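Visitor: Okay, predicted coordinates and the sequence, questions at the end:
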Amino acid sequence: MHVLLVEDDAVLADGVSRILRGHGMAVDVAASGTDADAILRHAEVAVVVLDIGIPGIDGFEVVRRLRARGSGVPVMLLTARDAVEDRVRGLELGADDYLVKPFAAPELVARLKALVRRSGTKPVDMRIKGLSLDTHAKRARVNDQPIELSAREWAVLEYLMQQASRVVSKEQIVNAILPWGEELTLNAVEVYVSRIRHKIDGGGIAIRTIRGFGYMLEELAE
Amino acid sequence: MTPSIRVDLLKWLIAPLLIINLLGALLIYMLAWAPAQAALDQNLAEVAYDLRMHMKEKGAGIALDLNTQSKRMLRITLSGEIRFVVQGSADRLAGDKDFPQLILPPNLNEPYPYSGKIEGVPMRIVALKTMVGERVVYIGVAETLAKRREIQSSILLALLALEAVLVVASVAIVWFAVTEGLFPLQKMQGRLNQRAVDDLSAIEEPHLPTELTPLIGAINGLLARAQDDGKARQSFLANVAHQLRTPLAGFKAQLELLQAKYAGEQDTARSVDLMMLSTDRMVRQANQLLSLARADPTRFDKRGLDIVELDRLVIESVQHFVREADKKDIDLGFDLHPARVKGDHFLLRDLIDNLVDNAIRYSPPGGLVTVRCMQDESASRLVVEDSGPGVPVSDREKIFSRFYRLDTKVAGSGLGLAIVADIAKDHDADVLVETGPNGKGTSFSVIFPGIVQAGGRPASEPASAV
């Protein structure tokens, strides 16, 4: 996974790039908007981590030019200014997510992974601990043993895997698995989740219930 | 004693008025006494003429035929002691022996009144030069001052009464006039009292008296400066927080690297963990100060507010809340129903963040926190319940003060609830602190009065937040 990190603060750029490399990502660092723009014109990257307040052309302009060229590369904005207009403007210009400095490394990593998962082509295989999904064949395995899933159960599990470590609401699950507008009650989602839980038991992952809201697929501690 | 315009005006008006009154009274006294004196002197002169009637030329001398009855009559008809003397140019002819030497009037039959003394007693004396036959005779009649004193007293008494009435009337009139004169000030005071505590806008008084215009001008200048100062302070605070964040982010990232690298070495890991804890506290403090600066009611602009859906705001922060709750193994739950308010998206999110953060912070590990929002026919509500130790009724006001902390063992900025209070105030919302459900913990309710009709979803909905 190739990341372009655009950050002019040398200490932060150093720290973040080393953290991301530690998670197996390839990181290029650009210290100005002009450099970033040049790199994005020629290189293919999986995701851009972009500070708004950078020398040269600012982060907003980098996003604007990127989207103007028709690129769908996911962009994570970094801002020291949490206020208000910045976030809105960045998102309106086509950024996909933002983080307010300072942030925790695991959060940055999780969000970047989520951005990449959501963008473009879905990876054919997803694997977390003992659970692996072959999205092409729509087959799931727990500890390399195939498990039987209904089409709906498969769709729910695939969505939860895509959003791993993130809380998703029942409504989101319904919307994600029924894009064609079929009726599905929230109770039905509960039933599917309950069945999936039984089937993935022992795989080192769990689907946690967030009371009154939804679910989160997470790795179990060792 | 504090100076008082009313008292000063009264002093300056009443003292001169009293002096003028006194001078007037003196004049009246003199004007009233002069004719009385003249009349009394005239009476005394009549006695002298009466005496003259009883005199006859007798050879070379003058005979005074004054029987006891006449004497008595003279003394009785006139109040007070009457004394007299009759004398020629040089010799005493009749009368009291101790009558002092008469002042001899120059003109004939023109009574000459003057004041004198007989045996040390002050008397009023009238001297008359008259003719008895061919002889020039001087008659002196003296009267004690008893009658005159009596008249003087009654004149004085009348004057005093008049004076008293005048003084009372003056004070009343001056008091009324001063009150009337100060009325615009009072009116202004009333309107200033009605102002919101944090209202620093210029005073606009209709029909302002000319005399108050410069004062109001000066106060408005002061208010404008206070407002500018406030704004400058706010933007300084915001800048500081912004400028702190990037270096803090770098610091934190480097510490995270160290944490990963030295996880196995106990002492180093402990130090790095503690450094991380301090850094996080610094980060939070900077964020809270920025939040406070943003929420400051003196800076809040009620124009151009969005329609904000509270349930969506909660959902935006759900990832963050769950992560924070996980750190303490707290069961965080939600009960979200559509609830619309008119307000500032980011401030309201700060409000929710702070309430939830507060609930997680003060709940024991393994505790229960529930975030609810709902709307009924009169208001939208946001409720955050925790299973913490609860807030004693006596502290329920205080916890909203800046830097007030109920439990100093829990690491907190002491600003969270102050921020909540400020943001609630910005939105005309009330914050209610109650004992939580089942008599345990605390329930914070933010009540946004009024109903906001459905509008579009706020434009500022981050697509990735959910």
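Guide: That came through fine.

Visitor: C-alpha only now, for contacts and for neighbours.
Guide: Noted.

Visitor: which intervals of chain A have sub-threshold pLDDT?
Guide: A:82-85, A:120-124, A:179-182, A:222 (pLDDT under 70).

Visitor: what about 80?
Guide: Within chain A, the segments meeting pLDDT under 80 span A:81-88, A:117-125, A:178-183, A:221-222.

Visitor: Give the residue farthest from the middle of it.
Guide: Most distant from the centre of chain A: residue A:56, at 28.5 Å, with distances by Cα atoms, centre = their mean.

Visitor: and what of chain B?
Guide: Relative to the mean C-alpha coordinate of chain B, counting by Cα atoms, centre = their mean, the farthest residue is residue B:59 (93.8 Å).

Visitor: what about that residue, distance to residue B:52?
Guide: 17 Å (Cα to Cα, to the nearest Å).

Visitor: Next: residue B:172.
Guide: For residue B:172 relative to residue B:52 (Cα to Cα), the value is 59 Å.

Visitor: what's the answer for residue B:64, then?
Guide: Counting by Cα to Cα, the gap from residue B:64 to residue B:52 is 8 Å.

Visitor: And the next helix or strand past the biggest strand by length in chain B?
Guide: Using DSSP state E, we find that the single longest strand of chain B is strand B:121-132. Counting by DSSP states H and E, the next helix or strand C-terminal to strand B:121-132 is strand B:135-144.

Visitor: so for that next one, what's the average pLDDT?
Guide: The pLDDT scores in strand B:135-144 average 86.

Visitor: Now the element after that strand, going C-ward?
Guide: helix B:146-193.

Visitor: Summarise which helices and strands whatever helix or strand comes next after that next one is packed against.
Guide: The helix or strand immediately downstream of helix B:146-193 is helix B:213-261, counting by DSSP H and E. Using 3 or more Cα pairs under 8 Å, 6 or more residues apart in numbering or on different chains; DSSP states H and E, the elements in contact with helix B:213-261 are helix A:10-22, helix B:266-295.

Visitor: centroid residue for chain B?
Guide: Centre-most residue of chain B, counting by Cα atoms, centre = their mean: residue B:189, 8.7 Å.

Visitor: Write out the residues of chain A neighbouring chain B.
Guide: A:9, A:11-16, A:18-19, A:80-81, A:83-84, A:88, A:91, A:96-97, A:101-105, A:166-168, A:210-213 (Cα under 8 Å from any Cα of the partner chain).

Visitor: For these, which PyMOL command selects only the ones that are buried?
Guide: A single PyMOL command selects the buried members of the residues of chain A next to chain B (16 or more other Cα atoms under 10 Å in any protein chain shown):
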select buried, chain A and resi 9+11+12+13+14+15+16+18+19+80+81+83+88+91+96+97+101+102+103+105+166+167+168+210+212+213
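
Visitor: and the most centrally placed residue in chain A, what helix or strand is that in?
Guide: By Cα atoms, centre = their mean, chain A has its centre lying nearest to residue A:114, at 0.9 Å. For residue A:114, the host element (DSSP H and E) is helix A:105-118.

Visitor: Summarise which helices and strands that helix is packed against.
Guide: helix A:10-22, strand A:47-51, helix A:151-162.

Visitor: Most tightly packed of these?
Guide: strand A:47-51 (a mean of 25; mean count of other Cα atoms under 10 Å in any protein chain shown).

Visitor: Report the angle between that one and helix A:10-22.
Guide: Orientation note: strand A:47-51 sits at an angle of 160 degrees relative to helix A:10-22 (axes from the mean of the first three to the mean of the last three Cα atoms, to 10 degrees).

Visitor: For stretch B:316-331, buried residues please.
Guide: For stretch B:316-331, burial by neighbour count (16+ other Cα under 10 Å) applies to B:316-325, B:329-331.

Visitor: Can you pull out the residues in contact with stretch A:108-119?
Guide: Residues outside stretch A:108-119 that contact it (Cα atoms under 8 Å, 6 or more residues apart in numbering or on different chains) are A:20, A:23, A:46-47, A:72-74, A:76, A:96, A:99, A:123, A:162-165.

Visitor: likewise stretch A:171-179?
Guide: Contacts of stretch A:171-179 (Cα under 8 Å, 6+ apart): A:152, A:155-156, A:159, A:181, A:184, A:186, A:189.

Visitor: Let's see that with 6 Å instead.
Guide: By Cα atoms under 6 Å, 6 or more residues apart in numbering or on different chains, the residues outside stretch A:171-179 that reach it are residue A:155.

Visitor: Any idea how far it is from the middle of the chain?
Guide: 17 Å (Cα atoms, centre = their mean, to the nearest Å).

Visitor: May I have that stretch as CSV, with CA atoms only?
Guide: Extracted C-alpha coordinates of stretch A:171-179, given in CSV (Å, rounded to 0.1, in the frame of the first residue of the first chain):
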residue,chain,number,x,y,z
GLU,A,171,-29.1,1.2,9.4
GLN,A,172,-25.8,1.3,7.7
ILE,A,173,-25.7,-2.5,7.4
VAL,A,174,-29.2,-2.5,5.9
ASN,A,175,-28.2,0.2,3.4
ALA,A,176,-25.0,-1.5,2.6
ILE,A,177,-26.5,-4.9,1.9
LEU,A,178,-29.7,-3.8,0.2
PRO,A,179,-28.7,-1.2,-2.3
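
Visitor: List the buried residues of that stretch.
Guide: Those would be A:173-174, A:177, for stretch A:171-179 by 16+ other Cα under 10 Å.

Visitor: which one of those is nearest chain B?
Guide: The closest of those to chain B turns out to be residue A:173 (Cα to the nearest Cα; 11.4 Å).

Visitor: Next, the angle from the strand or helix carrying that closest one to helix A:151-162.
Guide: Assessed by DSSP H and E, residue A:173 sits inside helix A:170-177. Per the same axes, to 10 degrees, the angle that helix A:170-177 makes with helix A:151-162 is 110 degrees.

Visitor: Grab the nearest non-local neighbour of residue B:401.
Guide: Counting by Cα to Cα, 6 or more residues apart in numbering or on different chains, residue B:418 is the residue found nearest to residue B:401 once chain neighbours are left out, at 5.5 Å.
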